[in-house]
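**Q** need the 3D shape of this:
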Amino acid sequence: MTVYDVIIVGAGMGGLFSAYELIQNNPSLKIKIIEKGKKLNERKCFVSNTQQCIRCNPCSIMSGEVGAGGFSDFKTILSPSYGGWLQDYIGWDQTQVLINQFNEILEKFGDQTEIKYPDDELQQRCLRHNLRLISSPLKHIGTDHGRIIMKNMIDFLLDKGVEIDTEMDVKSIINVQENLFKVQTNKTDEECRKVIFAVGRVGNKFIEDYCNRNGIKVYSNHVDLGVRVELPSVIWKEFEDKIYEPKIQYRTKTYEDTTRMFCHNSRGYVVTENTNGILTTNGHAYKEEKLKTNNSNFAILSSIHFTEPFNNPIEYVSSIAKLSNIIGNGNVLIQRFGDLIRGRRSTESRIAMSTTIPTLKATPGDLSLVLPKRILDNIIETIYALNQVAPGTSNDDSLLYGVEAKYYSIRPQTNENFEISKNVYCIGDGSGITRSLSQAGAMGIYVAKKILGNAEK
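**A** Numbers count the residues shown, from 1 in each chain. Alright, predicted model coming up:
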């Protein structure tokens, strides 16, 4: 049996960039990536054909080569301003160096996207209305172009001898002796000297179970709960043209809670995500003009920070998302903003009369039957605040899809190398430390450098 130097569990951004850094600097390494989803060119979501999620297992939106990034609008944030907390662990300057390297690697494999830079005038406009526009240089590569770039990277890794096995689900990892692990999957057993977990947000339960079995302390992250808003693209066109993504924070007047508008998809699509059988919403956007829509979409999320004695925020948010599926007859809900304000549910006929044509077939309903009052109040107040800088946001025909939930993974206790136990590393969104393509890739590069022994001290 081959004993691999490194087995990487998960072929998302963290896993692929770890593999790249390792093999590029030591071509003699034996590296295998194990991914429970499909190959990139085999990943398909059937919602566009069936008009309803058929709950593929695993979900192709969330799993497969390139991870959740394979069905994202492939924004790359080129500073540590947002997108995770890697800078809290290794410092701002080193995080920036790694993000720059991440960007250079994408360019090596074909990225030629123009960088959008922060805009002072838009920032000042937001501040006048108690809105905080968080800016960073960024690129919108697009779902379509992102897949091409990542396919080039995957082909490079394969040519260098990295093995990538898809549709393999890791069942357990056993430390059979010092510096030797047995990785048991649904198809075969493998042996290796080091393991990197790069399982993404969808692998949160996997990380939690592993930590519980091995006595590794974990910390609960906060969770975000809200809706995805869809409206005519002309409403946010000025922001899109200048900075592409208006990522805006707001502190509500009613509760002084923090809400945020993020994951903006210009002329994009609303999609469903399947996390352990529970459907939530997300969005993505293509680069090619012929693939664009007339709508833009973005999330409005309210952050929830639980204190003792409750320590299971993911279960809390999952139960709310599950309730929306029950009311939606197995689907996510959609409601006109005007109907929500008037205290009535949306119906098929009311959605059909809307001037905003939905890009996702969802079940018309009433989000007030699902979302807690405090969360709903925060969302409504935020929409009215955003209307001050982008008039039309609070139109009656703006569409709200629910729910959108971000289950930021629990954070395992780790050392400075991101080892959760000797020779076992945890990176990317599955570590609870990153929440963007850029920081997941940067963290993957960092851990690879640590393994190679040439990372900055």
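**Q** residue 297 in helix, strand or coil?
**A** Following DSSP: H, G, I helix; E, B strand; the rest coil, the label given to residue 297 is strand.
**Q** need the contact list for it.
**A** When contacts are counted by C-beta atoms under 8 Å, 6 or more residues apart in numbering, residue 297 is found next to 228-231, 264-265, 268-270, 283, 359. From N, CA and C alone the C-beta is placed, and that goes for glycine too.
**Q** what pairs with it across the strands?
**A** residue 230, residue 265 (DSSP bridges).
**Q** where does the protein have low pLDDT?
**A** Applying pLDDT under 70 to the chain flags residues 46-52, 54, 221, 408-409, 454-457.
**Q** can you tell me the closest non-neighbouring residue to residue 423?
**A** residue 194 (4.6 Å; C-beta to C-beta, 6 or more residues apart in numbering).
**Q** list the contacts of the one helix or strand that neighbour maps to.
**A** Using DSSP states H and E, residue 194 sits within strand 189-197. Identification of contacts with strand 189-197 by C-beta under 8 Å, 6+ apart yields 1-10, 14-15, 18, 32, 34, 173, 176, 179-183, 203, 206-207, 210, 420, 423-427, 430-431, 444, 447, 451.
**Q** narrow the residues you listed to just the buried residues.
**A** 4, 6-10, 14-15, 18, 32, 34, 173, 181, 183, 203, 206-207, 210, 420, 423-427, 430-431, 444, 447, 451 (16 or more other C-beta atoms under 10 Å).
**Q** which residues in the stretch 201-350 of the chain form helices?
**A** In the stretch 201-350 of the chain, the segments counted as helices under DSSP state H, counting those that start in this stretch are 204-213, 237-243, 313-327, 337-342, 348-352.
**Q** one step back: quick check: neighbours of the strand holding residue 194 in the sheet, parallel or antiparallel?
**A** strand 3-9 (parallel), strand 180-185 (antiparallel), strand 424-426 (parallel).
**Q** any idea which helix or strand comes after the last one?
**A** Next in sequence after strand 424-426, counting helices and strands by DSSP H and E, comes helix 437-452.
**Q** buried ones in that following helix?
**A** In helix 437-452, the ones that count as buried by 16+ other C-beta under 10 Å are 437-451.
**Q** closest one to residue 407 among the helices of the stretch 201-350 of the chain?
**A** helix 313-327 (4.8 Å; C-beta to C-beta).
**Q** per-domain residue ranges of the protein.
**A** Domains of the chain are assigned by automatic domain parsing as 3-115+137-219+410-452, 223-406.
**Q** from the chain's centroid, how far away is the longest one?
**A** In this case it means domain 3-115+137-219+410-452. 12 Å (C-alpha atoms, centre = their mean, to the nearest Å).
**Q** going forward, begin numbering at 672 instead of 1
**A** Yep, numbering from 672; the last one is domain 674-786+808-890+1081-1123 now.
**Q** now do the end-to-end distance for that domain.
**A** One end of domain 674-786+808-890+1081-1123 sits 18 Å from the other (C-alpha to C-alpha, to the nearest Å).
**Q** show me what counts as buried in the strand holding residue 865.
**A** By neighbour count on 16+ other C-beta under 10 Å, the buried set for strand 860-868 is 861, 863-868.
**Q** and for stretch 893-907?
**A** 894-904, 906-907.
**Q** kindly report the same for stretch 798-807.
**A** Neighbour count says stretch 798-807 has 802, 804-807 buried, by 16+ other C-beta under 10 Å.
**Q** again, but for stretch 817-829
**A** So stretch 817-829, judged by 16+ other C-beta under 10 Å, has buried residues 817-822, 824-825, 827-828.
**Q** what's next to that stretch, contact-wise?
**A** Residues contacting stretch 817-829 (C-beta under 8 Å, 6+ apart): 687, 690-691, 694, 704, 711-712, 736-737, 740-741, 743-745, 776-777, 780-782, 812, 835.
**Q** next: stretch 871-883.
**A** Contacts for stretch 871-883 (C-beta under 8 Å, 6+ apart): 680-681, 683, 685, 729-730, 733-734, 738-739, 841, 844, 868, 870, 887-889, 946-947, 985, 1077-1081, 1083, 1091, 1097, 1099-1102, 1111.
**Q** on that earlier part again, can I get the strands paired with strand 860-868 in JSON lines including distance to residue 1049?
**A** Putting the strands paired with strand 860-868 into JSON lines (distance: least, C-beta to C-beta, whole Å) gives the following:
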{"stretch": "strand 674-680", "distance to residue 1049": "37"}
{"stretch": "strand 851-856", "distance to residue 1049": "43"}
{"stretch": "strand 1095-1097", "distance to residue 1049": "32"}
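**Q** who touches residue 672 in this structure?
**A** 860-862.
**Q** same deal with residue 1068?
**A** So residue 1068 contacts 902, 1007-1009, 1025-1027 (C-beta under 8 Å, 6+ apart).
**Q** let's see that with 6 Å instead.
**A** 1025-1027 (C-beta atoms under 6 Å, 6 or more residues apart in numbering).
**Q** could you export those residues as CSV, including neighbour count, secondary structure and distance to residue 1043?
**A** Converted to CSV, the contacts of residue 1068 look like this (neighbours: other C-beta atoms under 10 Å; DSSP: H, G, I helix; E, B strand; the rest coil; distance: C-beta to C-beta, whole Å):
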residue, neighbour count, secondary structure, distance to residue 1043
1025, 20, coil, 26
1026, 10, coil, 30
1027, 20, coil, 26
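**Q** out of the residues you listed, which is nearest to residue 918?
**A** Within these, proximity to residue 918 (C-beta to C-beta) peaks at residue 1027, which comes in at 22.1 Å.
**Q** what's the closest non-adjacent residue to that closest one?
**A** Nearest to residue 1027 is residue 1068, by C-beta to C-beta, 6+ apart, at 4.7 Å.
**Q** need the three-state assignment for the one you found.
**A** Residue 1068 - assigned by three-state DSSP - is coil.
**Q** what separates residue 777 from residue 746, distance-wise?
**A** Counting by C-beta to C-beta, to the nearest Å, the separation of residue 777 from residue 746 is 12 Å.
**Q** whoops, I mixed them up, residue 1005
**A** 24 Å.
**Q** and what of residue 696?
**A** 28 Å.
**Q** one more: residue 823?
**A** Looking at residue 823 against residue 746, where the rule is C-beta to C-beta, the gap reads 19 Å.
**Q** circling back to that earlier point, residue 777 and residue 746 - which one has more neighbours?
**A** residue 746 (28 against 25; other C-beta atoms under 10 Å).
**Q** surely that one touches residue 811?
**A** Yes. Here residue 746 reaches residue 811: they are 5.5 Å apart, a contact under C-beta atoms under 6 Å.
**Q** mind checking which of the buried residues of stretch 798-807 land in strands?
**A** 802, 804-805 (DSSP state E).
**Q** ok, so of those residues, who is nearest residue 769?
**A** For those, the nearest to residue 769 is residue 805 (20.0 Å; C-beta to C-beta).
**Q** tell me, how many residues neighbour the residue lying closest to the closest one once chain neighbours are set aside?
**A** In this structure, residue 805 finds its nearest non-sequential neighbour in residue 918, 4.8 Å apart by C-beta to C-beta, 6+ apart. Residue 918: 22 surrounding residues under other C-beta under 10 Å.
**Q** cool, thanks, signing off.
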